[in-house]
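> model this:
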Amino acid sequence: MNLPRPSLAAYLLNAFLAAGAYFLAGSYWVEQGAPSADEGFYLYASSAVWHGAVPYRDFGYTQTPLLPYVQGAVFSAVGYGVRGQRWLNVAWVAAAAGLSAILLTAAGAPLPWRVLLLLCWCLCKPLVYWSSVGKTYGFCELLMIGAALCLQGSFLLPDRGAKGRRLALLAVLSMLCVLAVGCRLTAAPSAGLLWLGYALVDRGRTPPTLLVGIPVLFALLCIGPFYALDPRNAAFWTWTYHHLNQAHFSRTGLLMDSARAAMAPAALGLAGAALVIARLARPGAGDPAPVRHGPLWRPGTWVLAAGLAGWVIPVALSGVYSEYAIPSVPLVIVGFGLLVSRPGAPAGRPGAPALAAYAATAIALGVGFAGGGDLVLPGYLDAVDQTATVVRRETRPDDPVLTSMPEIAVASGRPVFPRLELGKFGLTGEMDPVLARARHVLPFQELLDAVNAEACPVVVLFTKDLKWNFTWSIPSFRVIPPASTAQLQQALATHYRQIDANEFFAVYRRRS
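Alright, predicted model coming up:
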């Protein structure tokens, strides 16, 4: 893509400074961020696939299948651990911030705007926390920003010619969108709108067979094999599982919570102001497509729409967790920046659009920085290391670890107890045992029998939140009956004794 001036060195400098600023912001949450319930099974999946296991066919995995392969490739070289997983996520999003700086610079965003928008990103506590912990969000943010950069590039291409560059942009945009959906299905609304924006500006220059066929081909190659190997389990874990556990959540409440808790601080002030600006501002001579006017012919409209769709649809329609808004917030911030950028206009031009934009940015900064007080809980990563040392001392390399926290098994270099690869999310009290075995989850009675039989040398429990210790039944997420959990506690007390504990974990060794 041909970028307008400033020079290449200036683009690289802007990208480096933006990435560095975000990396500093994210580094705080690596050590100080509270543990996330999902970090362990993402880490375990990344280890399992690199040792030959396949999601759905060999173990349960609640997202689309590609992220473990990306993480596993990195961790196979640097070592597996929750700390490394967090640093990797910070690096993904720092790279996304660098790409965003290039995108906004190419769009003619004045330096004050770029600084303000970067602050909106870096100072939103929930956004940086959820992007830093070991989940799918950080890598998806990088992929979506990369796709937005491709979309911006398509608007800058001349109306005639440039066939090769047009196909190259389509191929890269399609691959990035497919990879994002292949990491988490809820990225589909954002990916679809980014592709739709490209299709609109293409205006028939690319044959429909290529326009549709390229992303479909990538999807078949990257995601299709996992569904072909075990279609029932793949459909269960990526769709049915989420559909069955959403019944216990209020969709409206989750959508409001995502805004109230500053999950998507920019989606309120920034999006509203951007729409006003797009309506009030007149086309400038430096716009990418001066012969086609209106919001639909501006890349910022599609990037902003992709961000809003990725916020509202997964949160309000999936109805599971308000944090599902996280991967789309950077698209909202960047889309806003694109809409308020006027390449031919002087920086800081007074008027209603500029005033609305500055006010919205101030609101986003305030709301984002005010949230996230309960997300700080230092000491978790050190506790994982300490507990893993105890487990290694008390077990042999092939001994399984019975735990609700798979990260302990990975950190200690031991296998997790079969069908507990999802840890606290791998237990069921409602599935038929035959079906549970097929889905790679453990019935509660088999867990109880394993403890009574002292099937594992050690049991590791999470002490910071007792609800994380085998109290949920999937897929409904109903609580295991108290009488059953009391039986488990009694069996543990009878057959195991505590040999180590810290602020987060307790280790039990079998008495025999």
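> CA atoms for contacts and neighbours, from now on please.
OK.
> give me the neighbour count for residue 196.
Other residues near residue 196 number 15, with proximity taken as other CA atoms under 10 Å.
> confirm that it sits in a helix.
Yes. Under DSSP: H, G, I helix; E, B strand; the rest coil, residue 196 falls within a helix.
> need the per-residue pLDDT for it.
Looking at residue 196, its pLDDT stands at 93.
> now do residue 31
Value for residue 31, per-residue pLDDT: 93.
> what residues are up against it?
83, 378, 379, 380, 381 (CA atoms under 8 Å, 6 or more residues apart in numbering).
> same check on residue 34?
375, 376, 377, 378, 380.
> pull out the buried members of the residues you listed.
Buried members of the contacts of residue 34, scored by 16 or more other CA atoms under 10 Å, are 375, 376, 380.
> secondary structure for those residues - can I get that in a markdown table?
Shown next, in a markdown table, are the buried ones among the contacts of residue 34 (three-state DSSP):
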| residue | secondary structure |
| --- | --- |
| 375 | helix |
| 376 | strand |
| 380 | helix |
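> tell me which of those is nearest to residue 196?
Minimum distance to residue 196 across the buried ones among the contacts of residue 34 is 36.3 Å, recorded for residue 375 (CA to CA).
> show the model's pLDDT score for the closest one.
In this model, residue 375 carries a pLDDT of 87.
> how much space is there between the nearest residue to it once chain neighbours are set aside and residue 184?
Once flanking residues are discounted, residue 375 sits nearest to residue 34: 5.3 Å by CA to CA, 6 or more residues apart in numbering. Separation of residue 34 from residue 184 (CA to CA, to the nearest Å): 22 Å.
> on that earlier part again, out of the contacts of residue 34, which is nearest to residue 169?
Residue 169 lies nearest to residue 375 out of these, by CA to CA, at 38.8 Å.
> quick one: that closest one and residue 129 touch, right?
Yes. In this structure, residue 375 is within contact of residue 129 by CA atoms under 8 Å, at 7.3 Å.
> who touches both of these two?
By CA under 8 Å, 6+ apart, the residues touching both residue 375 and residue 129 are residue 33.
> in stretch 114-123, what counts as buried?
114, 116, 117, 118, 119, 120, 121, 122, 123.
> what does stretch 7-18 give?
Buried, per 16+ other CA under 10 Å, within stretch 7-18: 11, 14, 15, 16, 18.
> okay if I get the residues you listed as CSV plus distance to residue 156, secondary structure and pLDDT?
Listed next are those as CSV, based on distance: CA to CA, whole Å; DSSP: H, G, I helix; E, B strand; the rest coil; pLDDT from 0 to 100:
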residue, distance to residue 156, secondary structure, pLDDT
11, 17, helix, 88
14, 20, helix, 92
15, 20, helix, 94
16, 23, helix, 96
18, 23, helix, 95
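> for those, which one is nearest residue 221?
residue 15 (32.0 Å).
> so the closest one makes contact with residue 98?
Yes. Using CA under 8 Å, residue 15 makes contact with residue 98 at a distance of 3.9 Å.
> which other residues reach stretch 496-512?
380, 383-384, 387, 390-391, 394, 454, 456-464, 495.
> distance of the residue nearest the centre of the chain relative to residue 128?
Centroid-nearest residue in the chain: residue 137, 1.3 Å away (criterion: CA atoms, centre = their mean). Separation of residue 137 from residue 128 (CA to CA): 10 Å.
> and what of residue 196?
28 Å.
> how about residue 482?
From residue 482 to residue 128 the distance is 37 Å (CA to CA).
> who has more neighbours out of these two?
residue 128 (27 against 10).
> helices or strands up against the strand or helix carrying that one?
Secondary structure from DSSP states H and E places residue 128 in helix 125-132. Judged by 3 or more CA pairs under 8 Å, 6 or more residues apart in numbering; DSSP states H and E, the packing partners of helix 125-132 are helix 8-32, helix 82-106, helix 111-122, helix 137-156, helix 352-370.
> dump these to a markdown table, plus distance to residue 61.
Below are the helices and strands packed on helix 125-132 laid out as a markdown table (distance: least, CA to CA, whole Å):
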| stretch | distance to residue 61 |
| --- | --- |
| helix 8-32 | 24 |
| helix 82-106 | 17 |
| helix 111-122 | 30 |
| helix 137-156 | 16 |
| helix 352-370 | 31 |
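> to residue 413, which of the ones you listed lies closest?
Short answer: helix 82-106, nearest of those by CA to CA, at 13.0 Å.
> just checking, what packs against the closest one?
The contact analysis (3+ CA pairs under 8 Å, 6+ apart) places helix 82-106 against helix 8-32, helix 39-50, helix 111-122, helix 125-132, helix 137-156, helix 329-340.
> in TSV: those helices, plus distance to residue 224.
Listed next are the helices and strands packed on helix 82-106 as TSV, based on distance: least, CA to CA, whole Å:
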stretch	distance to residue 224
helix 8-32	34
helix 39-50	17
helix 111-122	34
helix 125-132	27
helix 137-156	19
helix 329-340	27
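> and those: which comes nearest residue 307?
The nearest among the helices and strands packed on helix 82-106, by CA to CA, is helix 329-340 at 4.7 Å.
> chain center to that closest one, what's the gap?
18 Å (CA atoms, centre = their mean, to the nearest Å).
> same check, this time on stretch 99-107
On CA atoms, centre = their mean, the centre of stretch 99-107 falls 22 Å from that of its chain.
> render the CA-only coordinates of it in PDB, please.
Extracted in PDB, the C-alpha atoms of stretch 99-107 (Å, rounded to 0.1, in the frame of the first residue of the first chain):
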ATOM      1  CA  LEU A  99      -0.400  -0.400  13.300                       C
ATOM      2  CA  SER A 100      -3.200   2.000  14.500                       C
ATOM      3  CA  ALA A 101      -0.600   4.800  14.600                       C
ATOM      4  CA  ILE A 102       0.300   4.100  11.000                       C
ATOM      5  CA  LEU A 103      -3.300   3.900  10.000                       C
ATOM      6  CA  LEU A 104      -4.200   7.200  11.600                       C
ATOM      7  CA  THR A 105      -1.100   9.000  10.400                       C
ATOM      8  CA  ALA A 106      -1.900   7.800   6.800                       C
ATOM      9  CA  ALA A 107      -5.400   9.200   7.300                       C
END
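> check contacts around the residue nearest to residue 334 when sequence neighbours are not counted.
Counting by CA to CA, 6+ apart, residue 334 lies nearest to residue 100, which is 6.7 Å off, once chain neighbours are set aside. Shown in contact with residue 100 (CA under 8 Å, 6+ apart): 15, 145, 149, 334.
> who's in contact with the first one?
Read it as residue 15. 97, 98, 99, 100, 101, 102.
> before we move on, what about residue 85?
43, 71, 133, 134.
> ChimeraX command to pick out the buried ones of these?
Buried subset of these, written as a ChimeraX selection, criterion 16+ other CA under 10 Å:
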select :43,71,133,134
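> out of the contacts of residue 85, who's nearest residue 226?
residue 71 (17.4 Å).
> give the buried residues for the host helix or strand of that closest one.
Element membership for residue 71 (DSSP H and E) is helix 67-78. Neighbour-count burial for helix 67-78 flags 67, 68, 69, 71, 72, 74, 75 (criterion: 16+ other CA under 10 Å).
> next, format the residues you listed as TSV and append distance to residue 23.
Shown next, in TSV, are those (distance: CA to CA, whole Å):
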residue	distance to residue 23
67	21
68	23
69	24
71	19
72	22
74	18
75	19
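> dump those residues to TSV, plus pLDDT and distance to residue 427.
Listed next are the buried residues of helix 67-78 as TSV, based on pLDDT from 0 to 100; distance: CA to CA, whole Å:
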residue	pLDDT	distance to residue 427
67	97	23
68	96	21
69	97	25
71	95	25
72	94	25
74	95	29
75	93	27
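> closest to residue 324 out of the residues you listed?
residue 67 (16.3 Å).
> could you confirm residue 420 falls within a helix?
No. Read with three-state DSSP, residue 420 is coil and lies in no helix.
> give me the buried subset of the contacts of stretch 496-512.
380, 383-384, 387, 390-391, 454, 456-462, 495.
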